[in-house]
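Chemist: sequence first, predicted model second:
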Amino acid sequence: MKISKRLSNFAKACLMTGAGFISSQAAAQTISPAKLDALKTELMKEIDNQQKSTQEMVDMVFSFGELGFQEVETSKYLTGILQKNGFKIEQGIAGIPTAWTAKWGSGKPVIAIGSDIDCIPKASQKPGVAYHDPIIAGAPGHGEGHNAGEPLNITAVLALKKIMEREKIPGTIILWPGVAEEQLGSKAYYVREGYFKDVDACIFTHVGNNMSTSYGDGGGNGMVSVKFNFEGEAAHAAGAPWKGRSGLDAVELMNLGWNYHREHMETTQRSHYVIPDGGDQPNVVPSKASVWYYFRERSYPKIMKMYKDGVKIAEAAAKMTDTKMTYEVLGSAWPGHFNQPIAEALYENIKAVGLPEWSDNDQILAKALQKELGSSQEGLPMALSGLAKPAISLSAGGGGSDDIADISWNVPTVVLRFPSNIPGLPGHHWANAIAMATPIAHKGVTAGAKAEAMTLLDLFTDPEILKSAKNYFADVQTKEVKYTPLISETDKPAISLNKKIMEEFRPEMKKYYYNPAKYKTYLEQLGIKYPTVKKD
């Protein structure tokens, strides 16, 4: 089968209109189909040759286990690799200490490549062990699998860079990290500060349990993350409670009001909260308290209505308790919309790569974990997912959010989901960490790197794909819907989030950082037999 790109009927139609839409076409180098196929074959071999370095990157980032905005070791490690390979690093972008860009090449087109790097609270877990067995009890861990995406990207671009240098293919590569994705805390700020202003296309990678991509509206929710702070007056809770004004009372009244409000909201909404500060001790009336809400819906107007309703209910709670209320935005994300022509080009390469060859041990681990969690014991996937089509309407879907959506509304963007995790898991959970420093993750990252590298080669050598992508972006995606940031010009990244948690656990976690000079794999360093499963 030919590896080279076949444009869809839609993409071909786009090429008939909008000529001259993108100036980067003149800079791109066109390569014959036969040469392109040969270069893609070379890319796949080169990525296979990098499997050891890929495994080390995946395992190293897994061992760091850093929460959002505190990805200090992760960012230092990844940028160090890129800098050694000729990338120019800009640190601390958008006012976020752990955010960065890594740039190589020159001229057009400019392609941005990103993935998230943060982890999940209380998700520490020994890899390759098919039951709950934390490395450090209560510590964070990669229970989403964000340790694998940037290693995939680095593997792909280092292989591609060799070919671009030798073949003198023009273009610019920009790598960047999704900092604090679990708080949806960075990407809207990247957009606001202009880091995607001159970018022609973006490929984003995210761990999955199959290899796939999609286009159009994916059916997920956008979101705004808001922390409400209430301040009253302390008093002795038994001796003189009438002298106190409780911030916690205000929090509880706000939550009560919001929970009654849910009855009258559309089924696509998702809203949830935690109380990060509920007071200090029972015998002191809490002078301060706070509640942190996520407001999710399917469109910008509906998200903003939820946000305003939340503020209104918080103001009412403050009035009822005679407390002062302030609020701050901690993160945001638009509902996603992804580019059809680039997704179709990517999917052709996904089909050319196929799924990894899972070993018997890989399947034993997967089925044992599925049994442990009461899920269907289907094991790892043996057939590729199809190219996912758009959601039927804005009344369909609902659910999770991802701030890659903010970038998708500013530049043609696709998401490559790569097969490094196990089907049937709950997500944001210790179980989702089990595969992420095992051969399952290593093989999935290698397969994903091949699909990404080949698609990048398409974008750098076939100007028509980008022209079609730009036409879709202008004539379909943004024809009627225009991006309006959910953050304001005065909102700032919540860079203090998770600081205390990491200060508590990092000293002990450092003892378990991966040492590739001494151990072949992280499994070997931890003394784990692969796979470790419960005996019947």
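Modeler: Received it, and whenever you're ready, just let me know what you need.
Chemist: what about the helices in the stretch 51-200 of the chain?
Modeler: Using DSSP state H, counting those that start in this stretch, the helices assigned to the stretch 51-200 of the chain run over residues 51-64, 72-84, 149-167, 187-192.
Chemist: put together JSON lines for those, with distance to Thr461 on each row.
Modeler: Quick note: C-beta positions are derived from backbone N, CA and C, even for glycine. Written out in JSON lines, the entries for these read as follows (distance: least, Cβ to Cβ, whole Å):
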{"stretch": "helix 51-64", "distance to Thr461": "24"}
{"stretch": "helix 72-84", "distance to Thr461": "23"}
{"stretch": "helix 149-167", "distance to Thr461": "9"}
{"stretch": "helix 187-192", "distance to Thr461": "27"}
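Chemist: out of the ones you listed, nearest to Tyr483?
Modeler: When the helices of the stretch 51-200 of the chain are compared for distance to Tyr483 using Cβ to Cβ, the nearest one is helix 187-192, at 8.3 Å.
Chemist: got the CA coordinates for stretch 35-48 in CSV?
Modeler: Below are the C-alpha coordinates for stretch 35-48, written out as CSV (Å, rounded to 0.1, in the frame of the first residue of the first chain):
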residue,chain,number,x,y,z
LYS,A,35,10.3,9.9,-2.9
LEU,A,36,7.8,10.7,-0.2
ASP,A,37,7.0,7.0,0.3
ALA,A,38,10.7,6.3,0.5
LEU,A,39,11.2,9.0,3.1
LYS,A,40,8.4,7.8,5.2
THR,A,41,9.8,4.3,5.2
GLU,A,42,13.1,5.8,6.3
LEU,A,43,11.3,7.7,9.1
MET,A,44,9.7,4.5,10.4
LYS,A,45,13.1,2.7,10.5
GLU,A,46,14.7,5.7,12.2
ILE,A,47,12.0,5.8,14.9
ASP,A,48,12.4,2.0,15.5
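Chemist: what are the contacting residues of that stretch?
Modeler: When contacts are taken as Cβ atoms under 8 Å, 6 or more residues apart in numbering, the neighbours of stretch 35-48 outside the stretch itself are 2-4, 31, 54, 155-156, 159-160, 162-163, 167, 349, 352-353, 446, 449-450, 453-454, 457-458, 461-462.
Chemist: same thing but 7 Å
Modeler: Contact with stretch 35-48 is made by 2-4, 155, 159-160, 162-163, 446, 449-450, 453-454, 457, 461, as judged by Cβ atoms under 7 Å, 6 or more residues apart in numbering.
Chemist: buried members of those residues into PyMOL, please.
Modeler: Here is the PyMOL command that picks out the buried ones among the contacts of stretch 35-48, judged by 16 or more other Cβ atoms under 10 Å:
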select buried, resi 3+4+155+159+160+163+446+449+450+453+454+457+461
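Chemist: ok, so of the contacts of stretch 35-48, who is nearest Ser106?
Modeler: Looking at the contacts of stretch 35-48 and their distance to Ser106, the nearest is Leu160, at 14.9 Å (Cβ to Cβ).
Chemist: surely the closest one and Leu457 touch.
Modeler: Yes - contact criterion Cβ atoms under 7 Å: Leu160 and Leu457 qualify, at 6.3 Å.
Chemist: low-confidence ranges, the protein, go.
Modeler: Where the chain drops to pLDDT under 70, the residues are 1-29, 393, 395-397.
Chemist: center of it - which residue?
Modeler: Centre of the chain computed as the mean C-alpha position; nearest residue by Cα atoms, centre = their mean is Asp116, 4.2 Å away.
Chemist: now for the closest residue to that residue other than its chain neighbours, how many residues are close by?
Modeler: Across the structure, with Cβ to Cβ, 6 or more residues apart in numbering as the measure, the residue nearest Asp116 apart from its sequence neighbours is Gly178 (3.5 Å). Here the count is done by other Cβ atoms under 10 Å, and Gly178 has 29 residues near it.
Chemist: please apply the same query to Ile313.
Modeler: 20.
Chemist: what's the answer for Leu387, then?
Modeler: Residues contacting Leu387 under the criterion other Cβ under 10 Å number 18.
Chemist: please apply the same query to Pro439.
Modeler: Applying the criterion other Cβ under 10 Å, we find 20 residues in the vicinity of Pro439.
Chemist: ditto for Pro493
Modeler: When neighbours are defined as other Cβ under 10 Å, Pro493 has 23 of them.
Chemist: sec struct for it, please.
Modeler: Remark: Pro493 carries the secondary structure label coil [criterion: DSSP: H, G, I helix; E, B strand; the rest coil].
Chemist: what's the most distant pair in the contacts of stretch 35-48?
Modeler: The largest separation in these, counting by Cβ to Cβ, is between Lys2 and Thr155 at 24.0 Å.
Chemist: tell me the spacing between the residue nearest to the centre of the chain and Asn221.
Modeler: The span separating Asp116 from Asn221 equals 18 Å under the rule Cβ to Cβ, to the nearest Å.
Chemist: just Ile81 next, same as before
Modeler: Spatial separation of Ile81 from Asn221 under the definition Cβ to Cβ is 35 Å.
Chemist: do the same with Lys518
Modeler: When distance is defined by Cβ to Cβ, Lys518 is 45 Å away from Asn221.
Chemist: re earlier: higher neighbour count, Ile81 and Asn221?
Modeler: Shown here are Ile81 and Asn221; by other Cβ under 10 Å, Asn221 has more neighbours (26 against 18).
Chemist: so who does the more buried one touch?
Modeler: Asn221 makes contact with Thr268, Arg270, Arg296, Glu297, Arg298, Pro335, Gly398, Gly399, Gly400, Ser401 under the criterion Cβ under 7 Å, 6+ apart.
Chemist: so which of those residues are in strands?
Modeler: Of the contacts of Asn221, the ones assigned to strands by DSSP state E are Arg270, Arg296, Glu297.
Chemist: give me the beta-bridge partners of the first one?
Modeler: Each beta-bridge partner of Arg270 is listed here, defined by DSSP bridges: Arg296.
Chemist: residues in contact with it?
Modeler: Asn221, Arg296, Gly398, Gly399.
Chemist: selecting buried members of the residues you listed in ChimeraX, what would you type?
Modeler: Selecting only the buried entries of these in ChimeraX, with 16+ other Cβ under 10 Å as the criterion:
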select :221,296,398
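Chemist: just the contacts of Arg270 now: which is nearest Asn147?
Modeler: Nearest to Asn147, judged by Cβ to Cβ, of the contacts of Arg270 is Gly399 at 23.5 Å.
Chemist: which residues does the closest one contact?
Modeler: Gly220, Asn221, Arg270.
Chemist: again, only this time at 6 Å
Modeler: For Gly399, the contacting residues are Gly220, taking Cβ atoms under 6 Å, 6 or more residues apart in numbering as the criterion.
Chemist: any idea how far it lies from Pro286?
Modeler: Spatial separation of Gly399 from Pro286 under the definition Cβ to Cβ is 34 Å.
Chemist: repeat that for Leu457.
Modeler: The spacing between Leu457 and Pro286, counted by Cβ to Cβ, is 59 Å.
Chemist: now the helix or strand where Ala368 lies: buried residues?
Modeler: Secondary-structure assignment from DSSP states H and E places Ala368 in helix 360-372. Judged by neighbour count (16+ other Cβ under 10 Å), helix 360-372 contains these buried residues: Asn361, Asp362, Gln363, Ile364, Leu365, Ala366, Lys367, Ala368, Leu369, Gln370, Lys371.
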